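Curious how this folds, go ahead:
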Amino acid sequence: MRRSTGQATIELLVLCGLVAALLLLLGGALATGAAAATARALQRALRPPHPVHDDTWALGSPTWGPLLRRYAPRLVLERDRYGADDEVPVEFTRCRVAACARFGVGRPVMYVHLVRRPGVAYLGYWFYYPDSRTTHLPDGGLGTHRDDWEGVLVRLGADGAAARATAHGGLAGTGPWWATAPGWRPTGPRPVVYRASGSHANGFAPAGIDLAGDRWNGTLGVVDPVLVPADAAARLRYRFDAAASPPWRKRLWHDPEATGTGVDGTQGREVTAARAWAAAWEGLADLAR
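Predicted coordinates for the structure are as follows:
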């Protein structure tokens with residue numbers, strides 16, 4: 001039996017209507033899914049950052065802000081015997097040459113990083129200098145490089161506060177940085193840290209900052225650096241000299257109990273050499289007695 005042309009036309013219109021309805025339903029579902037995905041993305045973007053590693057949050061926090069300021073170290077700067085180094089720690093976004101980092105010229109700054117673990121908190125204070133002169137020689141010599149990062153770590157726990165300071169790939173605490181186990185030095189608020197000229201190594205006494213037997217060359221000055229958040233600096237992705245890893249690339253950034261300042265948390269070769277020199281120095285001191 002043949003269908004009439006009119007019947008076929010009606011059936012075609014009905015089929016087209018069904019297809020159109022299905023397309024509308026499918027489009028609505030896709031639009032709803034896209035809207036939901038957009039809402040979730042906005043929710044994630046507006047969610048406050050997790051405070052464990054958010055230094056900007058910590059500095060403004062009514063709890064952590066005062067603690068970060070209470071334990072911020074005071075830096076005692078050693079006078080360079082050759083007059084080549086009178087740098088203070090500065091913001092690398094504003095100053096990356098020695099001329100603008102001179103004592104009395106540059107604004108002293110330290111980058112703050114907070115790490116929290118169950119029952120303990122670590123306050124990291126990091127210093128940037130435009131260059132480093134490890135050997136103290138007038139022309140720099142071995143160990144001279146652009147950019148330099150050093151720091152002080154303060155641990156707060158149930159047993160009180162303790163500190164460690166970076167030097168030549170090692171960490172000084174109750175012992176010098178080349179000791180087998182320097183440990184953590186008990187400390188109170190505003191610990192005083194002595195900064196060597198040239199290398200910018202840190203320690204808790206004016207003698208022996210660089211090597212056993214090293215003598216303090218006199219005080220250039222004392223600075224109380226301004227605190228700025230380290231996480232904001234890390235997001236800028238600045239490049240530094242290969243010999244000067246920024247704190248956010250060091251293992252200490254996430255693991256403040258690491259034994260060295262290297263990217264992998266290990267000590268530098270300088271530690272082994274300085275340990276051998278310390279043993280030799282002790283032998284010379286025994287002979288002198």
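
mind checking which helix or strand the nearest residue to D54 once chain neighbours are set aside is in?
Leaving aside its sequence neighbours, D54 sits nearest to D231 (Cβ to Cβ, 6 or more residues apart in numbering; 6.2 Å). Bear in mind the C-beta positions are built from the backbone N, C-alpha and C, glycine included. Counting by DSSP states H and E, the element that carries D231 is helix 230-234.

just L287 next, same as before
helix 269-288.

Kindly report the same for G188.
Per DSSP H and E: G188 is located in neither a helix nor a strand.

re earlier: in this structure the residue nearest to D54 contacts V112, no?
No: using Cβ atoms under 8 Å as the test, D231 is too far from V112 to be in contact (9.1 Å).

Stretch 183-196: end-to-end distance?
One end of stretch 183-196 sits 20 Å from the other (Cα to Cα, to the nearest Å).

List the buried residues in it.
For stretch 183-196, a neighbour-count test (16 or more other Cβ atoms under 10 Å) marks W184, R185, T187, P191, V193, Y194, R195, A196 as buried.

How about the contacts made by the fifth one?
Spelled out, that is V193. P73, R74, L75, V76, V152, A165, N202, G203, F204 (Cβ atoms under 8 Å, 6 or more residues apart in numbering).

Let me know whether the first one touches V192 as I believe.
Yes: in this structure, P73 sits in contact with V192. The criterion is Cβ under 8 Å, and the distance is 7.1 Å.

which secondary structure elements does whichever strand or helix holds G151 contact?
If you go by DSSP H and E, G151 is part of strand 145-157. In terms of contacts (3 or more Cβ pairs under 8 Å, 6 or more residues apart in numbering; DSSP states H and E), strand 145-157 is packed against strand 120-132, strand 160-167, strand 202-203.

Quick check: closest non-adjacent residue to G106.
V90 (4.6 Å).

give the contact list for the one you found.
Applying Cβ under 8 Å, 6+ apart to V90 gives the contacts C100, A101, G106, R107, P108, V109, Y128, Y129, P130.

OK, contacts around the last one?
Contacts for P130 (Cβ under 8 Å, 6+ apart) come out as E87, V90, C95, R96, V97, A98, C100, A101, R146, D147, D148.

which ones are touching the third one?
C95 sits next to A101, G106, P130 when contact means Cβ under 8 Å, 6+ apart.

okay but A234 is in contact with F240, surely?
No: counting by Cβ under 8 Å, F240 is not a contact partner of A234; they are 11.7 Å apart.

measure the residue nearest the centre of the chain to R275 for me?
Among the residues of the chain, the one closest to the centroid is P247, at 3.1 Å (Cα atoms, centre = their mean). Per Cβ to Cβ, to the nearest Å, P247 is found 25 Å from R275.

State whether A58 is indeed within a strand.
No: counting by DSSP: H, G, I helix; E, B strand; the rest coil, A58 is located in no strand; its state is helix.
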